[in-house]
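>>> compute the structure for the input listed below.
(one chain, ligands or ions: 1)
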Amino acid sequence: MTNAIEIEGLRKVYAGDGKSPPKEALKGLDLTIPTGSIFGLLGPNGAGKSTTINIMAGLVRKTAGKVRIWGFDQDVNPRQSRAAIGVMPQELNLDPFFSPADALEVQAGLYGVPKSQRRTSEILELVGLSEQANAYARTLSGGMRRRLLLAKALVHHPQVLVLDEPTAGVDIELRQMLWRNVRRLNQERGTTIILTTHYLEEAQEMCDEIAIVANGELVIRDKTVNLLSRLDAKTMVITPETPPGDLDLPAGVDLERRADGSLAFSYARAKTSAEQLLSFIREAGISIRDVRTEEADLEDVFVSLTHSEGSQGLASAK
Ligand SMILES: Nc1ncnc2c1ncn2[C@@H]1O[C@H](COP(=O)(O)OP(=O)(O)OP(=O)(O)O)[C@@H](O)[C@H]1O
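Residues are numbered from 1 along each chain as shown. Sure thing, here's the model as predicted:
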């Protein structure tokens, strides 16, 4: 199958109440997610990411449009389309008196996984919770609870795994462990992974393809490398032996004098080459103690596509 997910003209209007008017959270979203990919769904706060995920998971009813999961149309084959997807939610909603092993057995029961096909201990091992298999959930740390949520999303062996902000507020060690597990699922079992994250650096590192949504609409969808190459901006950072005086910059080159004494020259690769810039620097009599370059990153792409409004509420992992 080429596409694990096919979404066409997806609309969602949340009904208003006495205090707030109706809200059109999705305005006809079209999106395909290729089978076997690690796909990032990004966007500023309120863009419609959770709404999209919740509709895919069958938790929120769409107003209009088509959603096919693993080839199953949600409206025609609701049971099969639900069985093909597992969601690791943002909230830590666990029953405090269930152990991880119990929680997985109950979840497997809910999905109708026959006892012979349950892989409780294998899944607990995958997420690093074997030792805590029989401990009460309330005794687990925040990080362990998150891993248990991941385990719960896996009990019915879904072809598509959705991770909604899986690493928000999670320490580096756990974040790396989660990603190792997710990569393994992707590589060894071919599970298609969809993730939302506010850490753009993480999306840049993990995702083969990325869709950016804003205001309920798709802004762009492309391979991560293509998105990054859209931005032509490059920065050459020079540490001079001695700080130069005023410089008469070539057209199209900007200079930022940084607090550490370095000089950051930014330029468009299409117009200026690194060689031209270096010649200018030598001719200006600047002796170079150190030089490095900075490429545009996903955060630059994001900000340029969603404007300043889009940068709000986004954290860089830098
Ligand atoms: N149950 C609801 N009732 C009314 N409006 C809602 C409801 N859920 C979401 N919305 C509104 O729909 C819009 C999209 O929300 P959604 O949660 O899908 O965005 P998001 O991209 O996931 O944002 P975030 O990054 O903050 O999680 C927002 O304006 C939000 O206020």
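>>> who are the contact partners of whatever residue of the stretch 51-200 of the chain ends up closest to the ligand?
Nearest residue of the stretch 51-200 of the chain to the ligand: T51, at 3.3 Å (CB to the nearest ligand atom). Backbone N, C-alpha and C define where each C-beta goes, glycine included. T51 is in contact with K12, A25, L26, V60, counting by CB atoms under 8 Å, 6 or more residues apart in numbering.
>>> again, but for S287
P240, E241, T242.
>>> if we can go back for a sec, give me the element the residue of the stretch 51-200 of the chain closest to the ligand is part of.
helix 49-56 (DSSP states H and E).
>>> right, and the helix or strand after that helix?
Next along the chain after helix 49-56, with elements defined by DSSP H and E, is strand 64-69.
>>> what is the rounded mean pLDDT of the helix or strand following that following strand?
From strand 64-69 onward toward the C-terminus, using DSSP H and E, the following helix or strand is strand 72-73. The average pLDDT within strand 72-73 is 97.
>>> N3 and the ligand, how far apart?
22 Å (CB to the nearest ligand atom, to the nearest Å).
>>> wait, isn't that residue in contact with D30?
No: with contact defined as CB atoms under 8 Å, N3 does not reach D30; the gap is 11.9 Å.
>>> what about those two, which has more around it?
Neighbour count, other CB atoms under 10 Å: between N3 and D30, N3 has more, with 17 against 14.
>>> in terms of pLDDT, where does the more buried one sit?
95.
>>> who touches the nearest residue to it once chain neighbours are set aside in this structure?
Nearest in space to N3, with sequence neighbours left out and distances taken as CB to CB, 6 or more residues apart in numbering, is T32 at 4.6 Å. Going by CB under 8 Å, 6+ apart, T32 touches N3, I5, E6, I7.
>>> cool, and T139?
Counting by CB under 8 Å, 6+ apart, T139 has contacts Q132.
>>> which stretches of the stretch 51-200 of the chain form helices?
Ranges of helices in the stretch 51-200 of the chain, per DSSP state H, counting those that start in this stretch, are 78-83, 100-110, 120-126, 142-154, 172-189, 200-206.
>>> most tightly packed of those helices?
helix 142-154 (a mean of 21; mean count of other CB atoms under 10 Å).
>>> convert that helix to CSV, retaining C-alpha atoms only.
The C-alpha atoms that make up helix 142-154 are tabulated as CSV, following Å, rounded to 0.1, in the frame of the first residue of the first chain:
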residue,chain,number,x,y,z
GLY,A,142,6.1,10.4,34.9
GLY,A,143,8.5,9.0,32.3
MET,A,144,7.5,5.4,33.0
ARG,A,145,3.8,6.4,32.7
ARG,A,146,4.6,7.8,29.3
ARG,A,147,6.2,4.6,28.2
LEU,A,148,3.2,2.7,29.4
LEU,A,149,1.0,4.9,27.2
LEU,A,150,3.3,4.0,24.3
ALA,A,151,2.9,0.3,25.2
LYS,A,152,-0.9,0.6,25.4
ALA,A,153,-0.9,2.1,21.9
LEU,A,154,0.9,-1.0,20.6
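>>> for that helix, name the packing helices and strands.
strand 85-88, helix 100-110, helix 120-126, strand 160-164, helix 172-189 (3 or more CB pairs under 8 Å, 6 or more residues apart in numbering; DSSP states H and E).
>>> just checking, what packs against the longest one?
Other helices and strands packing on helix 172-189, by 3+ CB pairs under 8 Å, 6+ apart, are strand 38-42, helix 120-126, helix 142-154, strand 160-164, strand 192-196, helix 200-206.
>>> so K66 makes contact with I5?
No: if you go by CB under 8 Å, K66 and I5 don't touch, sitting 11.1 Å apart.
>>> higher neighbour count, the two?
I5 (25 against 15).
>>> low-confidence bits of this protein, can you list those?
231, 307-318 (pLDDT under 70).
>>> what residues does it have near the ligand?
Y14, K23, A25, G43, N45, G46, A47, G48, K49, S50, T51 (CB under 6 Å from any ligand atom).
>>> would a markdown table of those residues with distance to K152 be doable?
Listed next are the residues of the chain next to the ligand as a markdown table, based on distance: CB to CB, whole Å:
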| residue | distance to K152 |
| --- | --- |
| Y14 | 27 |
| K23 | 30 |
| A25 | 26 |
| G43 | 26 |
| N45 | 26 |
| G46 | 27 |
| A47 | 26 |
| G48 | 25 |
| K49 | 21 |
| S50 | 18 |
| T51 | 22 |
